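> Sequence plus predicted model, see below.
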Amino acid sequence: MKKILIVATVAMCSVFAFTSCKSTKESAYKKAYDSARLAESEEGLSQENEPVEIAPVVSSTKTVTADNDTSYRTESVVVASGSANALKAFSVVCGSFSSKSNADNLRNSLVDEGYAAIVVKNSDTGMFRVICASFDTKEEAAESRAKFKADHPQNSDFQKAWLLYNK
């Protein structure tokens with residue numbers, strides 16, 4: 001009789017333990033998994049619609065700094081969109097993209113504002129640079145960058161505009 005009672009108790013405890021704990025853990029795991037998948041898919045959708053600015057670290061890029069904030073990067077670029085004659089030695093870069101379509105979208109909006117914007121491609125990295133103005137001298141380009149930043153104080157991306165020297 002004792003044996004039957006012990007075996008029955010152990011059997012009931014094991015059945016209870018396996019059924020109640022297992023369903024709770026699976027349910028909690030499934031809920032967490034489903035919510036993570038949903039958040040991941042929503043995040044992916046929102047990122048696809050927004051233009052992305054990418055500023056890679058490139059070993060071939062050289063930054064030179066002077067006293068009056070006329071620092072510039074030296075890169076080898078070719079015109080990808082816009083007038084080929086518009087590219088001069090020093091340019092004001094207001095956006096960098098890995099996608100040409102994103103660069104063209106920014107260029108078109110700048111052209112609508114009255115800028116002679118062009119898109120150039122860095123031959124070393126494959127990045128597309130959006131140039132809002134281009135000049136023969138570094139000083140003219142620095143003045144234009146300051147004016148561009150002043151004209152767009154609300155745009156934090158445009159506040160990061162930089163000078164490019166086309167080698």
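Looks like it came in fine.
> Name the helix or strand for residue 121, please.
strand 118-122 (DSSP states H and E).
> now residue 133
Using DSSP H and E, residue 133 falls in strand 128-135.
> Report the rounded mean pLDDT for that strand.
For strand 128-135, the mean pLDDT works out to 96.
> If you count neighbours, what's buried in the helix or strand that comes right after it?
Once the chain leaves strand 128-135, the next helix or strand it forms, by DSSP H and E, is helix 138-151. For helix 138-151, the neighbour count (16 or more other C-beta atoms under 10 Å) marks 138, 140, 141, 142, 144, 145, 148, 149 as buried. All C-beta atoms are positioned from the backbone trio N, CA, C, and that covers glycine.
> Nearest to residue 157, out of those residues: which one, please.
residue 149 (10.9 Å; C-beta to C-beta).
> isn't that closest one right up against residue 159?
Yes. At 5.6 Å, residue 149 and residue 159 qualify as touching, with contact defined as C-beta atoms under 8 Å.
> in this protein, which spans are strands?
Remark: strands assigned in the chain by DSSP state E are 62-64, 72-75, 77-81, 90-97, 118-122, 128-135, 162-166.
> How many residues are close by residue 102?
20 (other C-beta atoms under 10 Å).
> Quick check: the gap between it and residue 167.
25 Å (C-beta to C-beta, to the nearest Å).
> sorry, back to before: in JSON lines: the buried residues of helix 138-151, plus distance to residue 28.
Formatted as JSON lines, the buried residues of helix 138-151 follow (distance: C-beta to C-beta, whole Å):
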{"residue": "138", "distance to residue 28": "62"}
{"residue": "140", "distance to residue 28": "64"}
{"residue": "141", "distance to residue 28": "59"}
{"residue": "142", "distance to residue 28": "59"}
{"residue": "144", "distance to residue 28": "59"}
{"residue": "145", "distance to residue 28": "55"}
{"residue": "148", "distance to residue 28": "53"}
{"residue": "149", "distance to residue 28": "51"}
